[in-house]
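Novice: just need the structure, nothing else, for what follows:
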Amino acid sequence: MKKIEYTTSCSKDRLAEIRTFVAGQLEQLHLSEVEKNQIILAVDEACANAIIHGNNCDDSKNLKLLLEIGNNNLKVEISDVGNFRPHEMNWTSREAISDSVRNHRRGGLGLPLMHRIMDKVQFYSKDKVNVCSLSKRLKKD
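Specialist: Numbers count the residues shown, from 1 in each chain. Here you go, the predicted model:
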């Protein structure tokens, strides 16, 4: 299992860098473009949630990514020390998502996307560090 760490500040300006970093790490896995882009989207959503909602875009705080790459699986852990609100980690049903899109409401689609793209999505807090763990079995081209 290969482990790669990446640390950056909790600024929305860092999201493009995070996407580029994740894309670079996924290159070596020879995934389909669709699967690679889906994983990048899920990680981007998790990081955006941590930066915006958990840390209020406070660039004095850090966001840490840990990628664990195995032969047939990928695990990404996003860690931060911002506000953790487990009651807000529930995702809505398909009907609620459709209503949100139909009524042009902003936000609220990130968690459902993460759950649909990844095989396992977990949120927990340990020693005052919040973690979003995303896991996926890989189908290589």
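Novice: can you list the weak-confidence ranges in this protein?
Specialist: Low-confidence segments of the chain, defined by pLDDT under 70: 85-108, 140-141.
Novice: regarding it, what is its longest helix?
Specialist: The longest helix of the chain (DSSP state H) is helix 33-49.
Novice: would you map the helices across this protein?
Specialist: Going by DSSP H, the chain shows helices at 15-27, 33-49, 94-102, 110-117.
Novice: out of these, flag the one nearest L67.
Specialist: Shortest distance between L67 and the helices of the chain, using C-beta to C-beta, is found for helix 15-27: 5.5 Å. Placement of C-beta: from N, CA and C, glycine included.
Novice: send the alpha carbons of that closest one over as PDB?
Specialist: Output of helix 15-27 as PDB, limited to C-alpha atoms (Å, rounded to 0.1, in the frame of the first residue of the first chain):
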ATOM      1  CA  LEU A  15      -9.100  23.700  -4.200                       C
ATOM      2  CA  ALA A  16      -7.600  23.800  -7.700                       C
ATOM      3  CA  GLU A  17      -4.200  22.700  -6.200                       C
ATOM      4  CA  ILE A  18      -5.900  19.800  -4.400                       C
ATOM      5  CA  ARG A  19      -7.700  18.700  -7.600                       C
ATOM      6  CA  THR A  20      -4.300  18.800  -9.500                       C
ATOM      7  CA  PHE A  21      -2.600  16.800  -6.700                       C
ATOM      8  CA  VAL A  22      -5.300  14.100  -6.600                       C
ATOM      9  CA  ALA A  23      -5.400  13.900 -10.400                       C
ATOM     10  CA  GLY A  24      -1.600  13.400 -10.500                       C
ATOM     11  CA  GLN A  25      -1.800  10.600  -8.000                       C
ATOM     12  CA  LEU A  26      -4.600   8.900  -9.800                       C
ATOM     13  CA  GLU A  27      -2.700   9.000 -13.100                       C
END
